[in-house]
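Enquirer: Sequence and computational prediction follow.
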Amino acid sequence: MAIRAVAVIGAGTMGAGIAQVCAQAGWDTRLFDSFPESLERGMCSIEEFWNKGIELGKTSSEQKNGWMTSLVAVSNISDAVDGVDLVVEAVPEKMGLKQEIFRELEVIAPPHAILATNTSGLKISMIAQSTGCPERVIGMHFFNPVPVMPLLEIVKHDEASPETIEVARDVAEAMGKTSILVRDIPGFATSRLGVVLGNEAIRMLSEGVASASDIDTAMRLGYRHPMGPLELSDLVGLDVRMDILNSLAEAFDDESYRPHPLLEELVKSGFLGKKTGRGIYDWSSGEKREVQD
């Protein structure tokens with residue numbers, strides 16, 4: 001199936017990034033959010049990214065103008081999904097919320113449209129089974145920042161049709177992403193590995209093994225990770241990381257997955273990472289700094 005039009009549900013950091021790469025792929029792209037301020041913020045972040053690319057000489061004004069014509073902000077979900085071939089949901093990691101949205105999408109989206117969720121750890125089958133069309137539901141786990149990160153983790157559940165999986169693969173290729181196909185196991189491949197590494201890094205920080213920046217440098221230079229586990233945790237969101245760890249602990253009945261008390265303390269204090277200006281690092285100045293207590 002050829003993709004011509006895409007709707008992205010949720011205009012947060014991930015949703016805006018997904019809408020951006022869809023527009024850059026040349027698809028008619030509608031970005032929806034039920035909160036007008038979030039929708040405006042998402043559109044502004046996309047334009048800022050494109051403007052930065054022009055400043056750095058990576059893209060041209062002509063390219064930006066072309067992409068802008070492909071992208072539109074929509075305040076009504078029915079209008080957003082009208083006539084689309086693909087819907088990508090990118091709302092917060094709450095199973096009930098995602099199931100509610102997918103039940104609505106089953107009714108209002110075209111019957112041929114692929115329904116994808118950007119969850120980083122929730123069971124795709126539980127989302128799919130909340131609909132009467134599980135064969136059209138697929139997991140498409142993007143990485144932050146979406147326009148930069150080359151990986152797309154495609155998560156298949158038992159009822160996903162081969163055609164749905166094939167379309168998801170084609171979408172990844174059209175976006176310039178490298179896709180991997182994984183089973184619908186809690187945490188998939190990337191989140192399961194990533195949160196465990198991040199949790200252990202937080203344990204080391206709590207124990208005074210080294211500073212946050214030195215722990216991150218160890219993984220960047222010693223293991224060639226593009227970003228240290230603590231900085232990455234701040235960018236993903238410490239609340240998101242904590243939720244995934246708790247979900248893994250419950251899914252596998254294994255307390256070793258539980259978030260370290262320092263992570264729980266930071267989340268309880270509202271220090272969720274870059275999005276709040278403070279997490280493991282201090283981001284309040286716009287730059288990453290060690291926290292000075």
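Expert: Perfect, thanks for sending it.
Enquirer: What is the least confident helix or strand in this protein?
Expert: Within the chain, no helix or strand scores below helix 238-252, which has a mean of 90 by mean pLDDT, DSSP states H and E.
Enquirer: Run through the neighbouring helices and strands of it.
Expert: helix 190-206, helix 261-268 (3 or more C-beta pairs under 8 Å, 6 or more residues apart in numbering; DSSP states H and E). Yep, even glycine has a C-beta here, placed from its N, CA and C like the rest.
Enquirer: between that helix and helix 261-268, how many degrees?
Expert: 130 degrees (axes from the mean of the first three to the mean of the last three C-alpha atoms, to 10 degrees).
Enquirer: Tabulate the helices and strands packed on helix 238-252 in TSV, adding columns for mean pLDDT and distance to residue 133.
Expert: Below are those laid out as TSV (pLDDT from 0 to 100; distance: least, C-beta to C-beta, whole Å):
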stretch	mean pLDDT	distance to residue 133
helix 190-206	95	26
helix 261-268	98	36
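Enquirer: Buried deepest among those helices, which one?
Expert: Of all the helices and strands packed on helix 238-252, helix 190-206 has the most neighbours on average by mean count of other C-beta atoms under 10 Å, namely a mean of 20.
Enquirer: Strands of this structure, start to end?
Expert: Counting by DSSP state E, the chain has strands at residues 5-9, 28-32, 71-74, 86-89, 114-117, 137-141, 151-156, 178-183, 281-282, 289-290.
Enquirer: ok, the fourth one: who's next to it in the sheet?
Expert: The partner list of strand 86-89 in its sheet, established with DSSP bridges, is strand 5-9 (parallel), strand 114-117 (parallel).
Enquirer: Quick check, residue 199 in contact with residue 262.
Expert: No - Residue 199 is beyond contact range of residue 262, at 9.6 Å (criterion: C-beta atoms under 8 Å).
Enquirer: hey, what's in contact with both of the two?
Expert: With contacts defined as C-beta atoms under 8 Å, 6 or more residues apart in numbering, no residue is shared by residue 199 and residue 262.
Enquirer: In TSV: the strands paired with strand 86-89, plus mean pLDDT and distance to residue 237.
Expert: Formatted as TSV, those follow (pLDDT from 0 to 100; distance: least, C-beta to C-beta, whole Å):
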stretch	mean pLDDT	distance to residue 237
strand 5-9	98	19
strand 114-117	98	17
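Enquirer: Now the strands of the chain in JSON lines, please, with extra columns for distance to residue 169 and mean neighbour count.
Expert: Formatted as JSON lines, the strands of the chain follow (distance: least, C-beta to C-beta, whole Å; neighbours: other C-beta atoms under 10 Å):
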{"stretch": "strand 5-9", "distance to residue 169": "16", "mean neighbour count": "27"}
{"stretch": "strand 28-32", "distance to residue 169": "20", "mean neighbour count": "25"}
{"stretch": "strand 71-74", "distance to residue 169": "24", "mean neighbour count": "18"}
{"stretch": "strand 86-89", "distance to residue 169": "13", "mean neighbour count": "26"}
{"stretch": "strand 114-117", "distance to residue 169": "11", "mean neighbour count": "26"}
{"stretch": "strand 137-141", "distance to residue 169": "10", "mean neighbour count": "26"}
{"stretch": "strand 151-156", "distance to residue 169": "7", "mean neighbour count": "21"}
{"stretch": "strand 178-183", "distance to residue 169": "6", "mean neighbour count": "14"}
{"stretch": "strand 281-282", "distance to residue 169": "36", "mean neighbour count": "20"}
{"stretch": "strand 289-290", "distance to residue 169": "41", "mean neighbour count": "13"}
